[in-house]
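Colleague: would you be able to build a 3D model of this:
(one chain, ligands or ions: 2)
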Amino acid sequence: MISSHRDSRPWQGETVGDARTPRVDYDPNCYLCPGNARVSGKRNPDYRGVFAFDNDHPCVGPDAPHPDTLPTEPYQVLRADGVSRVVCYSPRHDRSLAELPHHEIVALLEELQRQFRELSARPEVRHVLMFENKGEVVGVSNPHPHCQIYATNFVFRTIELEAEASAAYLAANERVLFQDIIAAEDADGRRVLASSGSALAFVPYFARYAYETFVAPRATHPSIAELSPAELDDLAAVLGETLVRMDNLWRMPFPYVMAFHQAPVDGAPHPGFHFHIEIHTPLRKPGLLKYLAGPEIGGGNFLNDTAPEDKAAELRGTSTTHYRANPVIPREARDPDRPDRGPST
Ligand SMILES: [Zn+2]
Ligand SMILES: [Zn+2]
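Modeller: Numbers count the residues shown, from 1 in each chain. Ligands and ions are numbered 1, 2, ... in the order given. Now for the predicted structure:
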């Protein structure tokens, strides 16, 4: 449901503070910085590039206990088998993904390819979810750039739904659903944010959140592991441009949940599944959260207060050079009374 006519209604509720931007490239108290000790007592190596390790507080893991009590019907229980990993993007504490040079984003995506291949080959793993939570409004207190991997013995619900829809659409139309989505976005053009060679980014027609953005290769692949080096390079370019535009929109680190949607690896065929990245921010404006309420929590559908075409135009109006790379900040961009008027250069 799109209700963009309500976007300007007065807000008298709670607002959230802007995320703090770290200014030091090394923080002795950060458990992700090179050489520092983690809670488990293990010490990070003096890593120079991408660094992956098993999560010290895993949500799922090979040492998960067996459930000590079996539930009453109709409930079911499953041991939390699998692997949880953390992937640090960079040794630099103060560099977000948006600020990494292109070759470092490529190196990260190459590491995620390796991770997918390794984890999906494990017999207990049925799905590999890769995601980054960024910013205090999505509950992340450590700004060190990193993402997480949950390789689970079950398939996450959204992926299951996408796999079912992709297979059903292919059977009914003999076309890949995501290819038709890309064709529709290209044909309209108003919601496309970036396009470079074999990859593109767009605010989908069906966006649930303001600034919800999909980043994807144009060719259909079940996971990131199947992308060629050239496709990975294009994907890194489009992802980098998208995140720079998001940071530039309000000249602040753009908080988001970014998830890599990949086909299940449960042994079943998943025809028509098209690997893509989804980026969701809970902010409607600087300091103003999108609340999940009656329609979303109560009814299970999203009410979007903004028109996807307007939000895409805002993002397209930003610079492709990150604002922190440019020390000259226009005065009006820093005026807290006009926080939603970012410069459009
Ligand atoms: Zn750090
Ligand atoms: Zn998806």
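Colleague: which SS state does the residue nearest the centre of the chain fall under?
Modeller: Closest to where the C-alpha atoms of the chain average out (CA atoms, centre = their mean) is residue 258, at 0.8 Å. Assigned by DSSP: H, G, I helix; E, B strand; the rest coil, the conformation of residue 258 is strand.
Colleague: and it, how far from residue 215?
Modeller: Between residue 258 and residue 215 the computed distance is 9 Å (CB to CB, to the nearest Å). Where you see a C-beta, it was placed from the backbone N, CA and C, and this is true even at glycine.
Colleague: shared neighbours, those two?
Modeller: 277, 279 (CB atoms under 8 Å, 6 or more residues apart in numbering).
Colleague: ends of stretch 43-59, what's the gap?
Modeller: 21 Å (CA to CA, to the nearest Å).
Colleague: apologies, that question was intended for stretch 200-218.
Modeller: Stretch 200-218 end-to-end distance (CA to CA) = 7 Å.
Colleague: that one near ligand 2 anywhere?
Modeller: No. On the criterion CB under 5 Å from the ion, stretch 200-218 is out of touch with ligand 2, staying 7.3 Å away.
Colleague: average pLDDT for that stretch?
Modeller: Averaging pLDDT along stretch 200-218 yields 97.
Colleague: for that stretch, buried residues please.
Modeller: 200-204, 207-218 (16 or more other CB atoms under 10 Å).
Colleague: hang on, the earlier thing: the residue nearest to the centre of the chain touches residue 138, doesn't it?
Modeller: No. Judged on CB atoms under 8 Å, residue 258 makes no contact with residue 138 at a distance of 10.1 Å.
Colleague: list the buried residues in the helix ranked longest in the chain.
Modeller: Criterion DSSP state H: the longest helix present in the chain is helix 229-250. Neighbour counts using 16+ other CB under 10 Å place 231-250 of helix 229-250 among the buried residues.
Colleague: same check, this time on stretch 71-87
Modeller: Under 16+ other CB under 10 Å, the buried positions of stretch 71-87 are 80-87.
Colleague: for residue 59, state which of those residues is nearest.
Modeller: Nearest to residue 59 out of the buried residues of stretch 71-87 is residue 84 (CB to CB; 5.2 Å).
Colleague: now do that closest one against ligand 2, distance only.
Modeller: 21 Å (CB to the ion, to the nearest Å).
Colleague: residue 54 now?
Modeller: 26 Å.
Colleague: do residue 121 as well
Modeller: 23 Å.
Colleague: what's the burial count for that residue?
Modeller: 9 (other CB atoms under 10 Å).
Colleague: check what pLDDT it gets.
Modeller: 98.
Colleague: let me see the contact set for it.
Modeller: Taking CB under 8 Å, 6+ apart as the definition, residue 121 has no contacts.
Colleague: doesn't residue 185 make contact with residue 205?
Modeller: Yes. Residue 205 is in contact with residue 185 according to CB under 8 Å; the separation is 7.3 Å.
Colleague: so what sits against both of those two?
Modeller: Common neighbours of residue 205 and residue 185, using CB under 8 Å, 6+ apart, are residue 191.
Colleague: please, which helix or strand holds residue 320?
Modeller: Using DSSP states H and E, no element contains residue 320; it sits outside every helix and strand.
Colleague: pretty sure it sits against residue 244.
Modeller: Yes. In this structure, residue 320 is within contact of residue 244 by CB under 8 Å, at 5.8 Å.
Colleague: which residues does the residue of the chain found nearest ligand 2 form a beta bridge with?
Modeller: With CB to the ion as the measure, residue 261 is the residue of the chain nearest to ligand 2, at 3.5 Å. Per DSSP bridges, the residues bridged to residue 261 are residue 276.
Colleague: now it: how far from residue 166?
Modeller: In terms of CB to CB, residue 261 sits 10 Å off from residue 166.
Colleague: out of the buried residues of stretch 71-87, who's nearest residue 123?
Modeller: Nearest to residue 123 among those: residue 81, at 9.9 Å, using CB to CB.
Colleague: pull the contacting residues for that closest one.
Modeller: Taking CB under 8 Å, 6+ apart, one finds 60-62, 64, 124, 153 in contact with residue 81.
Colleague: going through the residues you listed, which ones are buried?
Modeller: 60, 153.
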